[in-house]
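Student: for reference, the sequence and a predicted model appear below.
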Amino acid sequence: MERPEDRRLDFVFPPPDRLASLIQAYFDTWNPLFPMFHRHLFEKQLINEQFVHDKQFGVAVLLICALAESGLSGDAEQTSQRDHRPLGWSLFLQAEPFLRMPTPAEPQLLDIQIFLLAAFYMAFVKGNFAAWTLFGTAIRLGYLANAHRRDKYRNGHPNLPDELWKRTFWSLVVNDRTAASIFGQPLMMKDETFDLDLPLEVDDECWDIETAGFPLQDRPVTDQGSLSFFVANVRLWLILGVSLRTLYSINRSRLLMGFVGSDWEQRITRNIDQMLDEWMKTVPTHLQWDPDTKDLNHFMRSSFLTAKYCAVRIHAHNPFVRTTARGLSQATQSSRNTADLTSSLTICTEAAVNCSQLMNTVMERHPRALRLPGWAEPAWLSGLVLLINLFGFKSSLDDADIRQFITYVEACLDALTIVSVDDSVGVQRKRVPL
């Protein structure tokens, strides 16, 4: 009689060499941003061919390969372009029936990870709004599994399964704020609905995957890579959530939250500026922007965090900056005075210039750093702010200033071009119009 573990699934996976390359590409590109998987444990499961017999794990492997294939050039890319299909589409189609199955009453971690991986693929590779449905399902499963509550993780000593749950839920939070800021939609995950702690900032090597329960080893080493990068990114996106829920909220929401008075906008903006300043002070040294660093991973991650910092700073001040046909800035439906408005425009401009210069450095030294999903937003926001200055205040700028602003804008456009269609790495991205 055939045992369940001996039954092979009908999935068609890439050849072993190609599979290994795709897994490596995923963990190099996607997992630092959203560390939902422990690399060594995942590779151990691959070696044991768990993906051949375990349907859930097999679906996760297919989606990981689909995401990774979109970032690798070669024969697969050429075939996809000839068939007019996005890279990794054949792998995604194999996993797609699983996404149509009834959602489980007691979700497992892989259930949430699978829907989040599928949402990544539909959003970043195919540019399809079906990502909203997939992402929304992942959020609901996360709440259904009680992953949002601190009580879920009070199991004594730190262990890897709990940490993976935390990382996955915080990945949902980051993506919720990213989608809300880009598409102008309300947040689905309010701060008051979750109270779990941030993940521990320790190296993946510190988890004992050979012992039951995957405990933390006796001598953990502070993480100098992906986890400190991830936690810093989460903290930054929590600040963005404050802007989205206050400065970008409708009047009814503002009244319910008690934002009344003639100066509430000034107070909120000052508080956000203070939070951003505090965030910058807490960023680990190896994640602070250093264009001359020799460590490529630190270069990629520090540049990404700094660009996102500039974008969040612009988000906090941009609602008050408008340009009229005569080139005069004004506050629309705002109580802010002219001095406050000028300060907001100055802060936005400074952030946009810094972001443009940073992206220019990245493109000169290592344009592949733009492979990290999420570069389009800071490039787009910075370009818009710079154009407001260029066209709104052109009469007050001399020729040298105009040429300088044009250089800054061109850097933003170049970055958007690389993010949209990067021929050097075979990445297909949705083009963001400027």
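Tutor: On my side now, so go ahead. Numbers count the residues shown, from 1 in each chain.
Student: to which secondary structure element type does residue 33 belong?
Tutor: coil (DSSP: H, G, I helix; E, B strand; the rest coil).
Student: residue 357: how many residues sit nearby?
Tutor: 15 (other Cβ atoms under 10 Å). Any C-beta I mention is one placed from the backbone N, CA and C, and that applies to glycine too.
Student: which element, helix or strand, includes it?
Tutor: helix 338-365 (DSSP states H and E).
Student: by contact count, what packs against that helix?
Tutor: The contact analysis (3 or more Cβ pairs under 8 Å, 6 or more residues apart in numbering; DSSP states H and E) places helix 338-365 against helix 264-282, helix 296-317, strand 329-330, helix 376-392, helix 399-420.
Student: out of these, which gets nearest to residue 149?
Tutor: helix 264-282 (24.6 Å; Cβ to Cβ).
Student: what angle separates the closest one from helix 338-365?
Tutor: Inter-element angle recorded for helix 264-282 and helix 338-365: 30 degrees (by axes from the mean of the first three to the mean of the last three Cα atoms, to 10 degrees).
Student: contacting residues around residue 299?
Tutor: Contacts for residue 299 (Cβ atoms under 8 Å, 6 or more residues apart in numbering) come out as 290-291, 293, 365-366, 369.
Student: now do the buried residues in the helix holding residue 357.
Tutor: 340-341, 343-345, 347-349, 351-356, 358-363 (16 or more other Cβ atoms under 10 Å).
Student: hmm, residue 302 is touching residue 287, no?
Tutor: Yes: assessed by Cβ atoms under 8 Å, residue 302 is found in contact with residue 287 at 5.1 Å.
Student: mean pLDDT lowest for which of the helices and strands packed on helix 338-365?
Tutor: Here these differ in mean pLDDT, and the lowest is strand 329-330 at a mean of 42.
Student: now do residue 36 against residue 349, distance only.
Tutor: 37 Å (Cβ to Cβ, to the nearest Å).
Student: before we move on, back to that, output the helices and strands packed on helix 338-365 as JSON lines; include the columns distance to residue 173.
Tutor: Shown next, in JSON lines, are these (distance: least, Cβ to Cβ, whole Å):
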{"stretch": "helix 264-282", "distance to residue 173": "16"}
{"stretch": "helix 296-317", "distance to residue 173": "14"}
{"stretch": "strand 329-330", "distance to residue 173": "34"}
{"stretch": "helix 376-392", "distance to residue 173": "17"}
{"stretch": "helix 399-420", "distance to residue 173": "23"}
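Student: go through those and name the closest to residue 46.
Tutor: Of all the helices and strands packed on helix 338-365, helix 296-317 comes closest under Cβ to Cβ, at 22.8 Å.
Student: pull out the buried residues from the closest one.
Tutor: Here helix 296-317 shows 297-317 as buried, counting by 16+ other Cβ under 10 Å.
Student: and the pLDDT at residue 4?
Tutor: pLDDT, read off for residue 4, is 40.
Student: same question, residue 55
Tutor: For residue 55, pLDDT reads 89.
Student: how many other residues sit next to it?
Tutor: Taking other Cβ under 10 Å as the neighbour definition, residue 55 ends up with a count of 14.
Student: so what's the closest residue to residue 153 other than its chain neighbours up against?
Tutor: Excluding its sequence neighbours, the residue lying closest to residue 153 (Cβ to Cβ, 6 or more residues apart in numbering) is residue 162, at 4.7 Å. Residue 162 sits next to 152-153, 155 when contact means Cβ under 8 Å, 6+ apart.
Student: residue 345 too?
Tutor: Contacts of residue 345 by Cβ under 8 Å, 6+ apart are 317, 321, 329, 388-389.
Student: pull up the gap between it and residue 352, please.
Tutor: Residue 345 is 10 Å from residue 352, by Cβ to Cβ.
Student: all helices in the stretch 151-300 of the chain, in order from the N-terminus.
Tutor: Using DSSP state H, counting those that start in this stretch, the helices found in the stretch 151-300 of the chain span residues 160-183, 226-246, 251-256, 264-282, 296-317.
Student: please identify the most buried of these.
Tutor: Among the helices of the stretch 151-300 of the chain, ranked by average contacts under mean count of other Cβ atoms under 10 Å, first place goes to helix 296-317 (a mean of 23).
Student: ok so, going back, out of the helices and strands packed on helix 338-365, which is closest to residue 175?
Tutor: Per Cβ to Cβ, nearest to residue 175 of the helices and strands packed on helix 338-365: helix 376-392, 12.5 Å.
Student: ok, residues contacting the closest one?
Tutor: So helix 376-392 is contacted by 178, 181-182, 307-308, 310-311, 314-315, 318, 321, 323, 327-329, 345, 348-349, 351-353, 355-356, 359, 397, 402, 405-406, 408-409, 412-413, 415-416, 419-420, 429-430, 432, 434 (Cβ under 8 Å, 6+ apart).
Student: orientation of that helix relative to helix 399-420 in degrees?
Tutor: 150 degrees.
Student: how much space between the residue nearest to residue 153 and residue 310?
Tutor: The value you get for residue 162 to residue 310, if Cβ to Cβ is used, is 34 Å.
Student: what's the answer for residue 249, then?
Tutor: 23 Å.
Student: then residue 16?
Tutor: Distance from residue 16 to residue 310, by Cβ to Cβ: 42 Å.
Student: same deal with residue 280?
Tutor: 11 Å.
Student: hmm, residue 169 is touching residue 148, no?
Tutor: Yes: counting by Cβ under 8 Å, residue 169 touches residue 148, with 6.2 Å between them.
Student: great, nothing more from me.
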